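> Here is my input, please return the structure:
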Amino acid sequence: MGAIKLEAVEKWFGDVQVIKGIDLDILDGEFVIFVGPSGCGKSTLLRMIGGLEETSRGAIKIDERDVTPEPPAKRGLTMVFQSYALYPHMSVRDNMGFSLKTSGASKAEIAEKVNHAASVLKLEEYLDRRPKDLSGGQRQRVAIGRSIVRDPTAFLFDEPLSNLDAALRVEMRYEIAKLHQSLGATMIYVTHDQVEAMTLADKIVVLEFGTIAQVGTPRELYERPANLFVAQFIGSPKMNVVDCTTRAGKYNLKAGRGGSFNGDQDATHIGIRPEHVSIGPPGDGALDGTIDVVEYLGADCFIILDCGPV
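I've put the predicted structure just below:
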């Protein structure tokens, strides 16, 4: 089992509060991703769950057991960092089995678990190599394998793919998705990459200034953002936000052509995803614009329009 519960969790560094009363339920076997801008507290929150950062207030529970005061070694979790932290003088086999060796496991048990992890991660032919002889993606797989052999309650990933080039990130994203399907383990993953979040997560937690802005599936966050911050943070290119006024269910774009009503109205915003913009004739709600930049990406072509002040 690997259910994790956060209850009113806070983190203070002196007089500065970086995590502000977070409540969160993570179900056994879920793949949960923390996203948010730099400095929002996502890595700090992950380290608090792992026991690498002290929890100032609140409680962290794993399978209903309060682990808040416990050190990392007693929480049954394992963490994969963006730096591989492999021992350069050891083989892949010895790196993956090192934690088992130091805990007193037998040679037979170590061999069995290392061979199983190597099979899952397709590392069998690299077991006798040293880290310097591996690619970045292979080194990250070794780091993940070192976690698998410990049979953890949950895996914690802190931006594990950020040091890889674009092609390797795609490959490793696929490998991590397959790993989750194979193991069925709880995984909590921190990233700034929206593609990783949208493709890997069962549930995304969007953080803003140490608080949760919204929790939901990738589709829920994309199609029904809870607020303006989530609307513009999720999606690339980001959502276009236009000022408008409303009355009796009708909308009047501030910068649009025409308008269906005048007078005093309630001010609000309309969010328009790029894929919902189309070229049409002048009329109510239409915006005039000139092409500013064209970005050709092969399968996609992004056209950036200058519509003036909207």
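> A267: how many residues sit nearby?
Residues near A267, counting by other Cβ atoms under 10 Å, number 9. Quick note: C-beta positions are derived from backbone N, CA and C, even for glycine.
> my bad, V35
Neighbour count of V35, defined by other Cβ under 10 Å: 25.
> Tell me the spacing between the closest residue to it other than its chain neighbours and A213.
Setting aside the residues directly before and after it, V35 is nearest to A197 in space (Cβ to Cβ, 6 or more residues apart in numbering), at 4.8 Å. Applying Cβ to Cβ, to the nearest Å, the value for A197 to A213 is 13 Å.
> about what we covered before: ok, the residue nearest to V35 - contacts?
Taking Cβ atoms under 8 Å, 6 or more residues apart in numbering as the contact definition, A197 lies against 33, 35, 191, 204, 218.
> In JSON lines, list those along with pLDDT and secondary structure.
Shown next, in JSON lines, are the contacts of A197 (pLDDT from 0 to 100; DSSP: H, G, I helix; E, B strand; the rest coil):
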{"residue": "I33", "pLDDT": "98", "secondary structure": "strand"}
{"residue": "V35", "pLDDT": "96", "secondary structure": "strand"}
{"residue": "T191", "pLDDT": "94", "secondary structure": "coil"}
{"residue": "I204", "pLDDT": "98", "secondary structure": "strand"}
{"residue": "P218", "pLDDT": "96", "secondary structure": "helix"}
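> which of those lies closest to G184?
Taking Cβ to Cβ as the measure, I33 is the one of these closest to G184, at 17.1 Å.
> what are the bridge partners for the closest one, then?
With DSSP bridges as the criterion, I33 is bridged to Y189, I204.
> still on that earlier bit, any idea how far the residue nearest to V35 lies from L156?
A197 is 16 Å from L156, by Cβ to Cβ.
> go on, S99?
15 Å.
> Give me the more crowded residue out of those two.
More crowded of S99 and L156, by other Cβ under 10 Å: L156, with 26 against 15.
> For the more buried one, which non-adjacent residue is spatially closest?
Counting by Cβ to Cβ, 6+ apart, the residue nearest L156 is M79, at 4.4 Å.
> burial measure for the one you found, as a count.
22.
> Spell out which helix or strand contains it, please.
Using DSSP states H and E, M79 maps to strand 77-81.
> for the chain, what helix or strand is lowest in average pLDDT?
strand 250-253 (a mean of 72; mean pLDDT, DSSP states H and E).
> Partner strands of that strand, with direction?
Strand 250-253 has the following strand partners under DSSP bridges: strand 240-247 (antiparallel).
> What residues sit buried inside the partner strand?
240, 242, 244-245 (16 or more other Cβ atoms under 10 Å).
> And those residues, which is closest to G137?
In terms of Cβ to Cβ, no member of the buried residues of strand 240-247 lies closer to G137 than N240, at 36.1 Å.
> For the closest one, which non-adjacent residue is spatially closest?
Using Cβ to Cβ, 6+ apart, the nearest residue to N240 is I272, at 4.6 Å.
> now stretch 45-58: mean pLDDT?
For stretch 45-58, mean pLDDT is 97.
> quick one on the thing from earlier: which residues does the residue nearest to L156 contact?
46, 50, 52, 72, 147, 155-158.
> Likewise for L179?
For L179, the contact set (Cβ under 8 Å, 6+ apart) comprises 120-121, 144, 148.
> Can you show me the helices along the chain?
Using DSSP state H, the helices of the chain run over 42-50, 92-102, 107-120, 136-148, 166-183, 194-200, 218-223, 228-233.
> closest to K250 out of these?
Among the helices of the chain, helix 228-233 sits nearest to K250 (Cβ to Cβ), with 21.1 Å.
> what comes up buried for that closest one?
Neighbour counts over helix 228-233 (16+ other Cβ under 10 Å) mark 229-231, 233 as buried.
> Tabulate these (CSV), appending distance to V277 and pLDDT.
As requested, the buried residues of helix 228-233 are exported to CSV (distance: Cβ to Cβ, whole Å; pLDDT from 0 to 100):
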residue, distance to V277, pLDDT
F229, 22, 94
V230, 20, 95
A231, 15, 93
F233, 19, 93
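> For G137, state which of those residues is nearest.
For these, the nearest to G137 is F233 (28.0 Å; Cβ to Cβ).
> What sits closest to the closest one if chain neighbours are left out?
Excluding the flanking residues, the one nearest F233 by Cβ to Cβ, 6+ apart is V206, at 6.4 Å.
> returning to what we had before: wait, the residue nearest to N240 touches C244, no?
No: with contact defined as Cβ atoms under 8 Å, I272 does not count as touching C244 (10.6 Å).
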